[in-house]
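In: got a predicted structure plus its sequence, pasted below:
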Amino acid sequence: MRLTNRTKRLVASPIAEAHAWLAHRDSTRQLLDLSQAAPSYPTAPVIARRIAEVAKEADGGRYAPPPGLPALNEAFSNELSRDHDCSISPTQILPTAGCNQAFCVVTSALTEPGDEVIIAVPYYFNHDMWLKLDGVTPRYLEADEGGSFSLDKAAGLISERTRAICVVSPGNPTGHTLPPDDLEDLFLFARDHEIALILDETYRNFRASNDPSHQLYRYEDWDQTLVTLHSFSKDLAIPGYRVGAVVAGEQLIYEILKLLDCVQISAPRIGQEAVVTGLNEAGDWRIEQADRINQGLNQFRAVMATEPGGFQLASSGAFFGWARHNFDVPTAEVVKRLVLDHDVLAIPGTAFTPSDDRWIRFSYANLQADQFDEFGSRLSEMNGA
Ligand SMILES: Cc1ncc(COP(=O)(O)O)c(C=O)c1O
């Protein structure tokens, strides 16, 4: 048997790599784990009850209809239509096994090997990994200091093989939310170049504002250009039940269903049932979680304002802080010292950028309210280290 270089030349998941350091720890101090962006809290009681019920129902373990449980498509189309003051049809929604799968099937439906997709840097690492695995070349569009993108730079990356431009807002790893006007500029740019704008909105409900995240669904022909990707993993704290969604035109969804049929058949029924309950009955709980995480953001920013250990916070929001270290060693070494000597687990920025520019991602949302000061003290221990 021969293993393919397509997978061999990629690193394993950066999360798994960071966790591998835990085996080398000999500290007895409690670890502060700011590595993963998965909710560290349980799902809403009403969702947990529904999951238990579905497990006992006669059809609880059956495949779900591939285009999605009608109740989910309806509940989510209602939510998006309400939030964006527009009309999204249930047929423009396709549940997937998480937002990662949503990205994979969308880009596979839009590209052929050798094609190119522009991805905003810093990128969400699985986007970069998947494109490379699928034989697609990622072209990197660097964000400016404020987190926006220059359309001139983007235009410089367009070739006849470009099929899409992809942005994540709020961003992972930066937490930066792109303003609706920036998203509109990107939409018009994509439309002019006859490519897709893929917008990953995994953290949409963790924004500080309740205003619509964008106005793009108001364009009558939005679905000829825009594809939005969603995750219920964080929003409803059910990452293990694997549900996300694609929101797109029916023609694209029809093609994606062929891909989904091969790899997944349909998104898990039990997860979809959990989402239906979450969307219809866990509204207050969702707001409480988002509020709590936003309060954590204020604590995190207050701690980072003192630049503990020389770490400078460049951007933060919705789960993440994106900070620069000032050590003259590779970032992997800094992350190793953080975990082995200072009991803080974080992800090196090299997971999200093509080169080592001294970045580190901290998932502050994993900290409890009483852990922020301790986190700051531990970073300060790095001074002079
Ligand atoms: C930007 C982004 N997209 C997608 C995902 C994957 O989410 P899911 O669990 O729905 O596959 C994540 C998870 O961290 C993410 O940060």
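Out: Arrived safely, thanks for sending.
In: okay, CA-based contacts and neighbour counts for the rest of this
Out: Noted.
In: against which helices or strands is the lowest-mean-pLDDT helix or strand in the chain packed?
Out: Sorted by mean pLDDT, DSSP states H and E, the helices and strands of the chain end with helix 14-20, the least confident at a mean of 81. Counting contacts by 3 or more CA pairs under 8 Å, 6 or more residues apart in numbering; DSSP states H and E, helix 14-20 packs against strand 347-348.
In: identify the residues contacting the residue nearest to the spatial centre of the chain.
Out: With distances taken as CA atoms, centre = their mean, residue 202 lies nearest the centre of the chain, 4.8 Å away. Contacts for residue 202 (CA atoms under 8 Å, 6 or more residues apart in numbering) come out as 99, 168, 169, 170, 229, 230, 231, 232, 234.
In: for residue 86, see how far away it is.
Out: Distance of residue 202 to residue 86, given as CA to CA, to the nearest Å: 20 Å.
In: follow-up on the earlier one: give me the subset of the contacts of residue 202 that also touch the ligand.
Out: 99, 168, 231, 232 (CA under 6 Å from any ligand atom).
In: how many other residues sit next to the last one?
Out: Using other CA atoms under 10 Å, residue 232 has 25 other residues around it.
In: and the gap between it and residue 99?
Out: Residue 232 sits 8 Å away from residue 99, taking CA to CA as the criterion.
In: just residue 187 next, same as before
Out: Using CA to CA, residue 187 is found at 20 Å from residue 99.
In: ranges for the helices of the stretch 251-385 of the chain?
Out: According to DSSP state H, counting those that start in this stretch, the stretch 251-385 of the chain carries its helices in the segments 269-281, 283-304, 331-342, 372-380.
In: tell me the domain ranges of the chain?
Out: 5-42+285-380, 45-282 (automatic domain parsing).
In: compare those and say which comes out lowest on pLDDT.
Out: Sorting these by mean pLDDT places domain 5-42+285-380 lowest, at a mean of 93.
In: starting at the chain centroid, how far to that one?
Out: Its chain's C-alpha centre lies 16 Å from the corresponding centre of domain 5-42+285-380 when counted by CA atoms, centre = their mean, to the nearest Å.
In: now the terminal residues of it, how far apart.
Out: Taking CA to CA, domain 5-42+285-380 runs 42 Å from one end to the other.
In: what residues of stretch 238-245 count as buried?
Out: Going by neighbour count (16 or more other CA atoms under 10 Å), the buried part of stretch 238-245 is 238, 239, 241, 242, 243, 244, 245.
In: between these, which sits nearest residue 356?
Out: residue 239 (29.6 Å; CA to CA).
In: who are the contact partners of that closest one?
Out: Neighbouring residues of residue 239 by CA under 8 Å, 6+ apart: 38, 39, 98, 232, 233.
In: let's see 6 Å
Out: By CA atoms under 6 Å, 6 or more residues apart in numbering, the contact set of residue 239 is residue 233.
In: next: residue 303.
Out: Residue 303 makes contact with residue 376, according to CA under 6 Å, 6+ apart.
In: buried residues, stretch 130-148. List them.
Out: For stretch 130-148, burial by neighbour count (16+ other CA under 10 Å) applies to 130-142, 147-148.
In: scratch that, stretch 328-347
Out: Residues of stretch 328-347 classed as buried: 331-332, 334-347 (neighbour count, 16+ other CA under 10 Å).
In: so how far is the ligand from residue 111?
Out: Distance, residue 111 to the ligand, by CA to the nearest ligand atom, to the nearest Å: 19 Å.
In: let me redo that: residue 193
Out: 24 Å.
In: what count of nearby residues applies to that residue?
Out: Neighbours of residue 193 under the rule other CA under 10 Å: 17.
In: do the same with residue 6
Out: If you count neighbours by other CA under 10 Å, residue 6 ends up with 12.
In: go on, residue 17?
Out: If you count neighbours by other CA under 10 Å, residue 17 ends up with 12.
In: cool, and the one 3 residues further on?
Out: For residue 20, the tally of surrounding residues (other CA under 10 Å) stands at 11.
In: cool, the one 5 residues further on as well?
Out: Residue 25 is flanked by 13 other residues according to other CA under 10 Å.
In: ok and the residue in the stretch 201-350 of the chain nearest the ligand?
Out: Ranking the residues of the stretch 201-350 of the chain by distance to the ligand (CA to the nearest ligand atom) places residue 231 first, at 3.9 Å.
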